[in-house]
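Enquirer: Here's a sequence, model it:
(one chain, ligands or ions: 1)
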Amino acid sequence: MKMVLSFWLLLNFIALSTGQTSADPQILAEVNKIKAVDNHTHVQKVVAANERDEEFDALPCDPLEASDVPSMARPENPKFLQAWEKLYAYKYNDRDPSHVRELLEAKRQVAQQQGDKFPTWVLDQLNIDYMLANRVDKTVFVRSDARARYERVVDVVDNLRAAGVDNIGLLTEQIQDKNTPGNLSQ
Ligand SMILES: [Zn+2]
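Expert: So this is what the prediction gives:
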């Protein structure tokens, strides 16, 4: 009986080990090369010491009743520790206040090194190509050069309007002066 049981266990083990339990590494490597587009964020802008950013949401949250933090945003979510490790080489498995102080110092140093490029640095770490931020002021400038097809520009403007952008600035190329040297029509 014991032998039958171990044989049965062995069969199960073989069945489990031949079943695919993880992604194909080659496919995964290709997928990981694809950068993401984060199309809905309320990210705050980088502010100076005395500055406050209140333009990150058209709906002011202050008058809302207090409610529980969504599960992803709760401090005990283990994803925070993983993110801290990846971004700032956090080496602890806890949130001890002294460890968190070290983390904040590491973050401050990176932010200082990167300067104005700090937001771009964060996006690069997250493998995000573009991040669309919900802002109160929805002004978009569209720049197109002489080669841009008119219908494409109209498409872009239509899509921006559909997305709720009311202020659209069209930046066009300066029409070249006829007397400018190098103008082939001369
Ligand atoms: Zn939103």
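Enquirer: Is it correct that residue 137 is in contact with residue 56?
Expert: No - in this structure residue 137 lies outside contact range of residue 56 using C-beta atoms under 8 Å: 10.7 Å. All C-beta spots, glycine's among them, are computed from the backbone N, C-alpha and C.
Enquirer: what about these two, which has more around it?
Expert: residue 56 (15 against 8; other C-beta atoms under 10 Å).
Enquirer: State the pLDDT value of that one.
Expert: Among the per-residue scores, residue 56 holds a pLDDT of 87.
Enquirer: Can you classify it as helix, strand or coil?
Expert: The assignment at residue 56 comes out as coil when based on DSSP: H, G, I helix; E, B strand; the rest coil.
Enquirer: Report the backbone C-alpha coordinates of the helix or strand hosting residue 110 in CSV.
Expert: Using DSSP states H and E, residue 110 maps to helix 97-114. Extracted in CSV, the C-alpha atoms of helix 97-114 (Å, rounded to 0.1, in the frame of the first residue of the first chain):
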residue,chain,number,x,y,z
PRO,A,97,10.5,54.3,11.4
SER,A,98,14.3,54.4,11.4
HIS,A,99,14.3,52.3,8.2
VAL,A,100,11.7,54.5,6.6
ARG,A,101,13.8,57.6,7.5
GLU,A,102,16.7,55.9,5.6
LEU,A,103,14.4,55.3,2.7
LEU,A,104,13.3,59.0,2.6
GLU,A,105,16.9,60.1,2.7
ALA,A,106,17.8,57.7,-0.2
LYS,A,107,14.8,59.1,-2.2
ARG,A,108,15.9,62.7,-1.4
GLN,A,109,19.3,62.0,-2.7
VAL,A,110,18.1,60.5,-6.0
ALA,A,111,15.7,63.4,-6.5
GLN,A,112,18.6,65.8,-5.9
GLN,A,113,20.9,64.0,-8.3
GLN,A,114,18.2,63.9,-11.0
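Enquirer: Just the residues contacting that helix, thanks.
Expert: With contact meaning C-beta atoms under 8 Å, 6 or more residues apart in numbering, helix 97-114 is reached by 84, 87-90, 92, 118, 120-121.
Enquirer: ok, 10 Å please
Expert: 46, 81, 84-85, 87-96, 117-122, 125 (C-beta atoms under 10 Å, 6 or more residues apart in numbering).
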